[in-house]
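> Here is a sequence with its predicted model. Questions after.
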Amino acid sequence: MKKLGDMNKEEFRRVGHDLIDWIADYFDNIEELPVLAAIEPGDLKAKLPTSAPVQGESMEAIIADLDRLIVPALTHWSHPSFFAYFATSTSAPGIFGELLSAAFDNKAMLWRTSPASTELEEVVLDWLRQMMGLDPGMLGIIYDTASVSSLHAIAAAREGVEKRIREEGMSGRPDLPLLRVYVSEQSHSSIEKAVITLGLGQRGLRKIPTDSKFRMDVRALEAAINEDKRNGYLPFCIVATVGTTSTSSIDPVPEIIPIGEEHAMWLHVDAAYAGSAAVVPELQHILAGCERADSLVMNPHKWLFTPFDLSVLYCRHMDLLKRAFSLVPEYLRTPEQEKVRSGSDYGIQLGRRFRALKLWMVMRYFGQEGLAARIREHCRLAQLFASWVDESADWELMAPVPLGLVCFRAAGDDSLNESIMHGVNASGRALLSHTRLNDKLTLRLSIGNIRTTEKHVHDVWELLNEQRRLGL
Ligand code: PLP
């Protein structure tokens with residue numbers, strides 16, 4: 001039987017060093033692993049015991065199973081040829097930040113339960129705000145994901161309609177008109193989920209058509225709001241997307257702003273993916289107009305080399321966010337509460353992870369220029385790949401390429417494109433994902449991994465052409 005208490009310190013040091021070596025080897029050898037897990041559903045479960053071990057096991061045995069069982073069941077997001085969804089990556093300083101955060105194990109619900117987390121978060125998010133060129137009136141707060149950040153933004157917007165929804169709820173209220181949120185047809189599903197979660201119902205969301213470049217049609221937005229108002233609805237929030245999921249298109253925020261202002265609506269900007277690109281000075285124009293937005297979400301865990309999860313909500317009306325969520329029972333009252341920020345006042349969670357630590361370490365280690373240089377290179381690689389597509393009669397571009405994402409397809413039908421994508425993914429040498437644009441299956445190549453170089457982009461181009469020839 002093991003003694004009581006935690007692992008002894010000698011073992012902790014030994015295993016800790018071994019594990020860092022293990023991670024270093026994992027990164028060194030990652031290109032030998034298939035990007036997409038080459039297993040069938042249920043394969044891992046079948047190899048695992050159905051109940052926990054009765055006696056504790058050695059770390060050596062556990063780490064051996066990491067190699068034997070876990071690694072083969074991983075899809076390797078850190079692989080430099082991971083081009084699917086939005087390619088993202090962790091980084092060494094981010095990993096160290098995550099490790100330290102686990103060691104400190106702070107629950108930053110009140111200032112006093114983690115002054116370091118609370119204050120570092122405020123400072124780091126102000127650094128990031130400056131780097132992105134956002135307005136100083138925007139204060140930041142960290143949540144886990146953009147889905148949750150946007151949910152909180154829409155909850156704050158709802159609080160701002162002054163209909164006593166916090167106190168009286170929404171159901172059984174004949175005095176309450178139908179509240180509506182407006183998004184483009186290309187918006188992320190997280191907004192619809194937020195609307196559902198907040199009890200507004202799917203009919204509380206109106207999807208606005210997009211133009212030929214997949215951007216919200218502003219005239220259609222205006223017409224929809226006016227029509228809804230005539231019908232007695234209460235339009236209260238517009239969600240514009242800067243960097244949509246399918247194509248990275250950018251809604252025309254400068255034109256949307258006056259419409260929101262005219263109707264006293266909250267403008268939330270979903271820049272979950274593209275927001276990071278604003279740290280590159282010559283790309284900062286993607287956030288044009290956002291200086292007048294009410295809130296904006298961006299995800300350092302997408303394109304700022306910070307391990308999942310870390311999403312930032314910038315909000316101009318922290319008072320409304322607090323009004324929507326603050327509830328302080330006796331056991332959480334502290335003498336300093338009027339003078340400090342307490343994270344639990346701004347969301348549904350009580351305890352909060354010390355996420356700012358990893359972002360602080362990433363920002364300090366790479367610096368503003370280092371972060372910008374990496375994102376700039378990803379955008380250059382996306383342009384390079386797009387130029388190969390554009391110059392080839394065998395392929396076509398399906399959308400503009402403003403950042404690090406290329407949407408393209410092989411000339412031919414959907415089944416050819418499907419077989420190309422499956423061929424590439426099954427090879428294990430690269431991973432792509434798809435979308436549907438203008439009713440055509442479209443391949444997406446997203447470049448955002450810190451290890452991706454021109455060679456990887458060149459290799460996937462060769463692989464695509466190989467698969468196209470096989471599919472003909
Ligand atoms: N918004 C946009 C535009 C996205 O592309 C994504 C994910 O790709 C999300 C929101 C959701 O992000 P998260 O996984 O952080 O909730």
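Received, thanks.
> give the contact list for the nearest residue to A92 once chain neighbours are set aside.
Using C-beta to C-beta, 6 or more residues apart in numbering and skipping the chain neighbours, the partner closest in space to A92 is Y365 (7.6 Å). No exception for glycine: its C-beta is placed from N, CA and C like everyone else's. By C-beta atoms under 8 Å, 6 or more residues apart in numbering, the contact set of Y365 is S91, A92, P93.
> Let me see the contact set for the first one.
With contacts defined as C-beta under 8 Å, 6+ apart, S91 is in contact with F305, T306, P307, V362, Y365, F366, I450.
> quick one: whichever residue of the stretch 301-450 of the chain sits closest to the ligand from S78, how far?
For the stretch 301-450 of the chain, the residue closest to the ligand is S311, as judged by C-beta to the nearest ligand atom, at 5.1 Å. Distance of S311 to S78, given as C-beta to C-beta, to the nearest Å: 20 Å.
> These two: which is more packed in?
Regarding S311 and S78, a neighbour count based on other C-beta atoms under 10 Å identifies S311 as having more, with 25 against 20.
> Flag every residue of the stretch 101-250 of the chain that's near the ligand.
Proximity of the stretch 101-250 of the chain to the ligand (C-beta under 6 Å from any ligand atom) is limited to residues T145, A146, S147, H188, S190, T241, G243, T244, T245.
> What of the stretch 251-400 of the chain?
Within the stretch 251-400 of the chain, the positions adjacent to the ligand are D270, A272, Y273, N299, S311 by C-beta under 6 Å from any ligand atom.
> Now flag whichever of those residues is closest to the ligand.
Nearest to the ligand out of these is A272 (C-beta to the nearest ligand atom; 3.5 Å).
> surely that closest one meets A146?
Yes. Using C-beta atoms under 8 Å, A272 makes contact with A146 at a distance of 3.6 Å.
> shared neighbours, the two?
In contact with both A272 and A146: H188, V297, M298, N299, S311, using C-beta under 8 Å, 6+ apart.
> Tell me the one of those nearest G201?
H188 (18.5 Å; C-beta to C-beta).
> dump the residue contacts of the closest one.
H188 neighbours (C-beta under 8 Å, 6+ apart): A146, T241, T244, T245, D270, A272.
> Give me the buried positions along the strand or helix carrying L445.
Element membership for L445, per DSSP states H and E: strand 440-446. By neighbour count on 16 or more other C-beta atoms under 10 Å, the buried set for strand 440-446 is L441, T442, L443, R444, L445, S446.
> so who does A372 touch?
V279, V280, P281.
> Render the CA-only coordinates of stretch 160-172 in CSV, please.
The C-alpha trace of stretch 160-172 is given here as CSV (Å, rounded to 0.1, in the frame of the first residue of the first chain):
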residue,chain,number,x,y,z
GLY,A,160,-29.3,46.1,-21.0
VAL,A,161,-32.9,46.0,-22.4
GLU,A,162,-34.1,46.9,-18.9
LYS,A,163,-37.0,44.4,-18.9
ARG,A,164,-36.3,42.9,-15.5
ILE,A,165,-35.5,39.6,-17.1
ARG,A,166,-33.0,38.7,-14.3
GLU,A,167,-35.7,39.1,-11.7
GLU,A,168,-38.8,37.9,-13.5
GLY,A,169,-37.5,35.6,-16.3
MET,A,170,-39.0,35.5,-19.7
SER,A,171,-41.7,32.8,-19.6
GLY,A,172,-45.4,33.6,-18.9
